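**Q** Need the 3D shape of this:
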Amino acid sequence: MRTNGTAGTNETAGTNGTHPSRRRILGMAATLPLAATGARALGAGTARAADSAYVMCYFTESTSLGLGTDYGLHLAVSTDGLNWAPLNQNDPVVTPTEGDLGLRDPFILRKQDGTFVVIATDLKGTDWTYVSQYVHVWNSPDLRTFTGYHRLKVHDMDTHAWAPEAFWDAGRGQYALIYSAVNDSGHNVIMVNYTSDFVTASDPQVFYDPGYDIIDGDMAVGVNGVNYLYYKKDQTLVGARSTSLDPGSFTEFTTGVAHGGTEAPTLVKSLASSSTWYLWGDTYTPNGVFYAWQTNDLSAGTWTALDQKTYTQPVNSKHCGIAPITSTEYTNLLAKWGAPAWNRLKSYNYPARYVRHSNFVGRIDEYPFDLYTDSEWKLVPGLADSAGVSFQSVNYPTRYLRHYNYQLQLDVNDGTSTYAADATFYRTAGLADAAWSSFRSYNNPTRYIRHSNYVLRIDEITTATGQQDATFRVGY
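**A** Modelled structure (predicted):
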């Protein structure tokens, strides 16, 4: 997905704007996707350990396209494929040095030899008129080091090569590289080139053209003998299927799935269930919110929206690709790049909202908002008792959340014992869900942090609603 942002201001409550996608800007000329469990070829390559975790690749855009926007390759990891830990403090692990000097829509494929290739759109920013006949390419043995960077030319047309993805075509003994481009039809179609090494490729041909503009193709290969292609049609995610991988063989079979304007479908096979699949989508109304759906029968083409309590995207992430990895690779990625030094807190009963400060008042607001750093906290040993926790602001590190007249506000630490006590809380099992967390006041021990009319305060909790208001997920 590609969007334009609207300006935001610091220390004000966030607002959600509507952001045009490339489709709207180009008038039926759009983008192609990036990735699922890596155009998941459910087939054999080099023997290796079983997958037990996931890696996500993405770029970042804040709602204002200001702080937090970066067109390099970002990575996150997850053990369940739903809740993600950004790596390298959510900074890029590698950045293009050719073409437009930036990327969008990265995609990770595990090659037949067990190593990885990363491909991405050659575009930095939101100039949808930018012509690029190339895609960025990196090789990597482990996603800790990246080598052999180059751009691969895929066509000679006066257009783009958006959101490349690749999968292994066993019948051809080559990788198929698909992407969106406007050909002589006058609208975006999904093109394909074949390659053995991602250095040279065959001439392009049309892989799928239903007769109207489509972008963001994502593949699941060889699922009970059927191949699935999901893509953006209008503002929804739609699926086609074929028992062949031949160009032109796919037929649309689903109705659209969306939450507002949605693009960048990403199919992910659950590692915990043989029948469960997830479909991720990226919205541009507002820009950059991921939604997820689930099915237990990919062939049915029907999807059920997941409760937002069950999943959390990396902050500012856009157009993700997701691939399975082993437990060793998961551990090694964390060891190399590190988990964030900060956390975000998600509301239990308003899971689209996160704890943040605005005008130095503690509250929960709907993601995304600027500045996003208003919602990042370091949970440090309690100022009054190291067995507790205090919430140190990332963007105002001399300030902590403390209660004053029972309302939470972000104040400068004045060094007094009263301040330390007001800013210290004991983390407990969540009052509404023991897998989540609640926070009990140090010096008002019958009161917990909760939200009321979206403003944070400490109250005695006596109702089920209060328990939900006082429960939060500590994540990233």
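**Q** Tell me which stretches of the stretch 101-250 of the chain form strands.
**A** Counting by DSSP state E, counting those that start in this stretch, the stretch 101-250 of the chain has strands at residues 103-110, 116-122, 134-140, 147-153, 162-169, 174-182, 188-195, 205-208, 214-223, 226-233, 236-242.
**Q** Save those strands as a markdown table, and put in distance to residue 377 too.
**A** Yep, even glycine has a C-beta here, placed from its N, CA and C like the rest. Output for those, formatted as a markdown table (distance: least, CB to CB, whole Å):
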| stretch | distance to residue 377 |
| --- | --- |
| strand 103-110 | 28 |
| strand 116-122 | 31 |
| strand 134-140 | 32 |
| strand 147-153 | 36 |
| strand 162-169 | 34 |
| strand 174-182 | 39 |
| strand 188-195 | 42 |
| strand 205-208 | 45 |
| strand 214-223 | 34 |
| strand 226-233 | 35 |
| strand 236-242 | 34 |
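**Q** Mind checking those for the one nearest to residue 268?
**A** Residue 268 lies closest to strand 214-223 among those, at 9.1 Å (CB to CB).
**Q** Using CSV, write out every CA atom in the closest one.
**A** Below are the C-alpha coordinates for strand 214-223, written out as CSV (Å, rounded to 0.1, in the frame of the first residue of the first chain):
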residue,chain,number,x,y,z
ILE,A,214,-5.4,-5.1,-9.9
ILE,A,215,-2.3,-4.7,-7.7
ASP,A,216,-0.5,-6.4,-4.8
GLY,A,217,-0.5,-10.1,-5.8
ASP,A,218,0.4,-12.6,-3.1
MET,A,219,0.7,-16.4,-3.6
ALA,A,220,0.2,-19.5,-1.7
VAL,A,221,1.5,-22.4,-3.7
GLY,A,222,0.6,-26.1,-3.7
VAL,A,223,-2.1,-26.1,-1.0
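**Q** tell me the angle of it relative to strand 162-169?
**A** 20 degrees (axes from the mean of the first three to the mean of the last three CA atoms, to 10 degrees).
**Q** tell me the average confidence for strand 214-223?
**A** Per-residue pLDDT values across strand 214-223 average out to 98.
**Q** Ok, stretch 76-92 next?
**A** Mean predicted lDDT for stretch 76-92 stands at 98.
**Q** if we can go back for a sec, could I get the strands of the stretch 101-250 of the chain as JSON lines with distance to residue 284 and mean neighbour count?
**A** Formatted as JSON lines, the strands of the stretch 101-250 of the chain follow (distance: least, CB to CB, whole Å; neighbours: other CB atoms under 10 Å):
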{"stretch": "strand 103-110", "distance to residue 284": "13", "mean neighbour count": "29"}
{"stretch": "strand 116-122", "distance to residue 284": "16", "mean neighbour count": "26"}
{"stretch": "strand 134-140", "distance to residue 284": "22", "mean neighbour count": "23"}
{"stretch": "strand 147-153", "distance to residue 284": "26", "mean neighbour count": "15"}
{"stretch": "strand 162-169", "distance to residue 284": "14", "mean neighbour count": "28"}
{"stretch": "strand 174-182", "distance to residue 284": "16", "mean neighbour count": "25"}
{"stretch": "strand 188-195", "distance to residue 284": "16", "mean neighbour count": "24"}
{"stretch": "strand 205-208", "distance to residue 284": "22", "mean neighbour count": "18"}
{"stretch": "strand 214-223", "distance to residue 284": "12", "mean neighbour count": "27"}
{"stretch": "strand 226-233", "distance to residue 284": "10", "mean neighbour count": "26"}
{"stretch": "strand 236-242", "distance to residue 284": "13", "mean neighbour count": "22"}
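**Q** Could you check those strands and tell me which one is nearest residue 94?
**A** strand 134-140 (6.4 Å).
**Q** tell me the angle that closest one makes with strand 162-169.
**A** Going by the same axes, to 10 degrees, strand 134-140 makes 50 degrees with strand 162-169.
**Q** Within the sheet, what are the partner strands of strand 134-140, with directions?
**A** Next to strand 134-140 in the sheet, as set by DSSP bridges, lie strand 116-122 (antiparallel), strand 147-153 (antiparallel).
**Q** Let me know which of the ones you listed is the nearest to residue 327.
**A** strand 116-122 (16.5 Å).
**Q** how distant is the closest one from the center of its chain?
**A** 16 Å (CA atoms, centre = their mean, to the nearest Å).
**Q** how much does that strand deviate in direction from strand 188-195?
**A** Using the same axes, to 10 degrees: strand 116-122 against strand 188-195 is 140 degrees.
**Q** what sits up against the helix ranked longest in the chain?
**A** Counting by DSSP state H, the longest helix found in the chain is helix 327-337. Helix 327-337 is contacted by residues 49, 52-53, 55, 75, 77, 79, 85, 87-88, 93, 142-144, 325 when judged by CB atoms under 8 Å, 6 or more residues apart in numbering.
**Q** Give me the buried subset of those.
**A** 53, 55, 75, 77, 85, 87, 88, 93, 143, 325 (16 or more other CB atoms under 10 Å).
**Q** that older thread, tell me the helix or strand right after the longest helix of the chain.
**A** strand 344-347 (DSSP states H and E).
**Q** centre of the chain versus that next one, how much separation?
**A** 16 Å.
**Q** For stretch 419-430, buried residues please.
**A** So for stretch 419-430, counting by 16+ other CB under 10 Å, buried means 419, 420, 421, 422, 423, 424, 425, 426, 427, 430.
**Q** just curious, which of these is nearest to residue 403?
**A** Minimum distance to residue 403 across the buried residues of stretch 419-430 is 5.2 Å, recorded for residue 422 (CB to CB).
**Q** ok, residue 407 to residue 368 distance?
**A** 25 Å (CB to CB, to the nearest Å).
**Q** tell me which residues of stretch 464-476 are tucked away?
**A** Under 16+ other CB under 10 Å, the buried positions of stretch 464-476 are 466, 467, 468, 469, 470, 471, 472, 473, 474, 475, 476.
**Q** residue contacts, the fifth one?
**A** Contacts of residue 470 were listed using CB under 8 Å, 6+ apart, and they are 431, 432, 438, 439, 448, 449, 450, 459, 461.
**Q** Make a markdown table out of the residues you listed and add distance to residue 159, neighbour count and secondary structure.
**A** A markdown table is the format used below for the contacts of residue 470 (distance: CB to CB, whole Å; neighbours: other CB atoms under 10 Å; DSSP: H, G, I helix; E, B strand; the rest coil):
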| residue | distance to residue 159 | neighbour count | secondary structure |
| --- | --- | --- | --- |
| 431 | 55 | 21 | coil |
| 432 | 51 | 19 | coil |
| 438 | 53 | 24 | strand |
| 439 | 53 | 27 | strand |
| 448 | 56 | 24 | strand |
| 449 | 52 | 25 | strand |
| 450 | 53 | 26 | strand |
| 459 | 58 | 18 | strand |
| 461 | 58 | 21 | coil |
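**Q** From those residues, pick the one nearest residue 172.
**A** When the contacts of residue 470 are compared against residue 172 (criterion: CB to CB), the nearest one is residue 432, at 53.0 Å.
**Q** Quick check: the closest one touching residue 468?
**A** Yes - applying CB atoms under 8 Å, one finds residue 432 in contact with residue 468, separated by 4.5 Å.
**Q** Tell me, how many residues neighbour the nearest residue to residue 89 once chain neighbours are set aside?
**A** If the residues on either side of it in the chain are set aside, residue 89 comes closest to residue 340, at 5.8 Å by CB to CB, 6 or more residues apart in numbering. Residues lying near residue 340 (other CB atoms under 10 Å) number 20.
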